[in-house]
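Q: quick check, what structure comes out for this input:
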Amino acid sequence: MDKSPHIVQKANKKVMWHRVHIAMLTLLLLSFTASSDVSAKVRSRTPIPQAQTMNVQETGNSAESACLIDVNTGRILYEKNAHKRMRIASLTKIITAWISVRSGKLDQTVTASPNAVRQEGSSIYLAQGEKQSLRNLTYAMMLRSGNDSAMAIAEFLGGGSSEKFAKMMNDQVQKLGLHESHFMNPHGLDHKDHYSSAHDMAIITATALRNPLFKQIVSTKFYTIPWQGQKWERKLKNKNKMLWMMPNADGVKTGFTKLSGRCLASSASSGNRQVALIVLRDGNDWVDSKQLLTYGLTAFETRNVVQLAPVHANANVQYGTVSTIPLKAVGQVNFVMRKGEEEQIESRVIQIKRLAAPVKEGQVAGTVQYFFKGMKLGEAHLVTTGAVKPKGLWGHIRDLFL
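A: Got it, this is the predicted structure:
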């Protein structure tokens, strides 16, 4: 049976509206999707804030080798490939200067030899036969890195032989218990058998910095010495830029050859603390050194471990009114540590004496040693916390019947 035109028209309208609804829904979905994509793209371009924290393991990464040391205690605070054998260039002059300031001959006169004046590299242009005090040559070597000065020092202290002086250098590091260094000359010009490590140089530098005169020399920015045969004097300006980059920087020595790359020994102080840093083959030596020196002075503090690890001990007392008396540790055993490391300090009582009355308060009665992760830090006295009087006659008689 045929449908009426009215019914067909009505059906067509329903189909049309159905298609319109589908089209509208499609447009809405497309609009929502596009909006979501745009929002996602905007969010992806917005940087996520990152925590600004210093990770010391990432500092000094420009250096192939590095070692940071606390000068007073000798504790290694940071190291990177610190035991790797490396060329050290003019950092060699640290040990040359250390031997010089300890020689007792600083005011004696040194005459520059033909061999000294023809040394390659950095120079203060000594003339053959020129006379300078050992003190002046040591300043010239450490401030201007004069290779001629270094050789003149070596020949003078080595009895005319730089080879003998090199043996003195090697003997000195062996006395320090170091086995990663071998020196062939006093200035650090490249030689296949001339090498050290960041670790050894850190210990050598810290040891030298404990000498007041060495510390004074390497912290000096300007120094004037005579220039024999000239109308003017030599005005020496220290090559170590750290002395200008950090207000509390106080040393030590620059170094460079084509084979060694950029090397730097630096130091800085705060309060009663001083830290020293060695970076070897570091193209970013100034920035790395400033960051690591700051870390060494701010992340660590000096503590007296005697106050951190309580001791519970008693001493036996003969012929006294009491048979035992408590002891306490007294003394100063300083150690540099980070916050939280106090818990790793260990005390070990190694000796307690048997006392006899009368006993005075503060009387030494024993010894206690302190350790950090198995490493001995030092020791202190154990003393009595009070006095003990001797027993009277009746006390002794009473003891006979007890």
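
Q: going forward, measure contacts between C-alpha atoms and count neighbours the same way
A: OK.

Q: you'd agree Leu243 is in a strand?
A: No: the assignment for Leu243 (DSSP: H, G, I helix; E, B strand; the rest coil) gives helix, which keeps it out of a strand.

Q: residues near the closest residue to it other than its chain neighbours, how many?
A: The spatial neighbour of Leu243 that comes closest, neighbours along the chain excluded (CA to CA, 6 or more residues apart in numbering), is Ala249 at 5.2 Å. Ala249 has 24 neighbouring residues, counting by other CA atoms under 10 Å.

Q: mind starting the numbering at 22 from now?
A: That works, and once the first residue is 22, the last one we named lands at Ala270.

Q: residues contacting Ala270?
A: Shown in contact with Ala270 (CA atoms under 8 Å, 6 or more residues apart in numbering): 240, 263-264, 287-290.

Q: in the sheet, who's paired with it?
A: Here Ala270 shows beta-bridge partners Ala289, assigned using DSSP bridges.

Q: do the same with the one 4 residues further on
A: Using DSSP bridges, the bridge partners assigned to Lys274 are Ala286.

Q: quick one: it and Ile115 touch, right?
A: Yes: Lys274 is in contact with Ile115 according to CA atoms under 8 Å; the separation is 7.2 Å.

Q: could you list the single helix or strand in this protein with the lowest mean pLDDT?
A: One helix or strand of the chain scores below all others by mean pLDDT, DSSP states H and E: helix 26-66, with a mean of 38.

Q: I'd like the next helix or strand past that helix.
A: Using DSSP states H and E, the next helix or strand after helix 26-66 towards the C-terminus is strand 84-91.

Q: so what does that following strand touch, helix or strand wise?
A: In this structure, strand 84-91 makes packing contacts with strand 97-101, helix 219-230, strand 294-303, helix 306-319, judged by 3 or more CA pairs under 8 Å, 6 or more residues apart in numbering; DSSP states H and E.

Q: between it and helix 219-230, how big is the angle?
A: Here strand 84-91 runs at an angle of 40 degrees relative to helix 219-230 (axes from the mean of the first three to the mean of the last three CA atoms, to 10 degrees).

Q: what are the pairing partners of strand 84-91, and which direction each?
A: Strand 84-91 pairs in its sheet with strand 97-101 (antiparallel), strand 294-303 (antiparallel), by DSSP bridges.

Q: just the CA atoms of whichever strand or helix holds Val357, as CSV, please.
A: Element membership of Val357 [criterion: DSSP H and E] is strand 355-358. Provided in CSV are the C-alpha atoms of strand 355-358 (Å, rounded to 0.1, in the frame of the first residue of the first chain):
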residue,chain,number,x,y,z
ASN,A,355,88.6,18.0,66.2
PHE,A,356,87.1,16.4,63.1
VAL,A,357,85.3,18.0,60.2
MET,A,358,81.9,16.5,59.5
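
Q: run a quick neighbour tally on the residue nearest to Asn136 when sequence neighbours are not counted.
A: Using CA to CA, 6+ apart and skipping the chain neighbours, the partner closest in space to Asn136 is Met172 (7.8 Å). Met172 sits with 27 neighbouring residues when counted by other CA under 10 Å.

Q: helix/strand/coil for Met172?
A: Assigned with three-state DSSP, Met172 falls in the helix class.

Q: wait, it sits on Ala137?
A: Yes: at 5.1 Å, Met172 counts as touching Ala137 under the criterion of CA under 8 Å.

Q: can you tell me how far the nearest residue to Val300 once chain neighbours are set aside is from Ala408?
A: With CA to CA, 6+ apart as the criterion, Val300 has its nearest non-adjacent residue at 4.4 Å, and that residue is Ala87. As judged by CA to CA, to the nearest Å, Ala87 and Ala408 stand 53 Å apart.

Q: what does stretch 171-190 contact?
A: With CA under 8 Å, 6+ apart as the test, stretch 171-190 has contacts from 114, 116-117, 120-121, 131-134, 136-137, 140, 155, 158-159, 162, 204-208.

Q: next, the buried residues of it.
A: Of the residues in stretch 171-190, 171-179, 183-187, 189-190 count as buried by neighbour count, 16 or more other CA atoms under 10 Å.

Q: likewise stretch 109-126?
A: Judged by neighbour count (16+ other CA under 10 Å), stretch 109-126 contains these buried residues: 109-122.

Q: end-to-end on that stretch?
A: End-to-end distance for stretch 109-126, by CA to CA: 27 Å.

Q: show me the beta-bridge partners of the closest residue to Ser344 other than its chain neighbours.
A: Spatially, and ignoring its direct neighbours in sequence, Ser344 is nearest to Val338 (4.8 Å; CA to CA, 6+ apart). Val338 has these beta-bridge partners by DSSP bridges: Leu376.

Q: pretty sure Val338 contacts Lys374?
A: No: in this structure Val338 lies outside contact range of Lys374 using CA under 8 Å: 9.3 Å.
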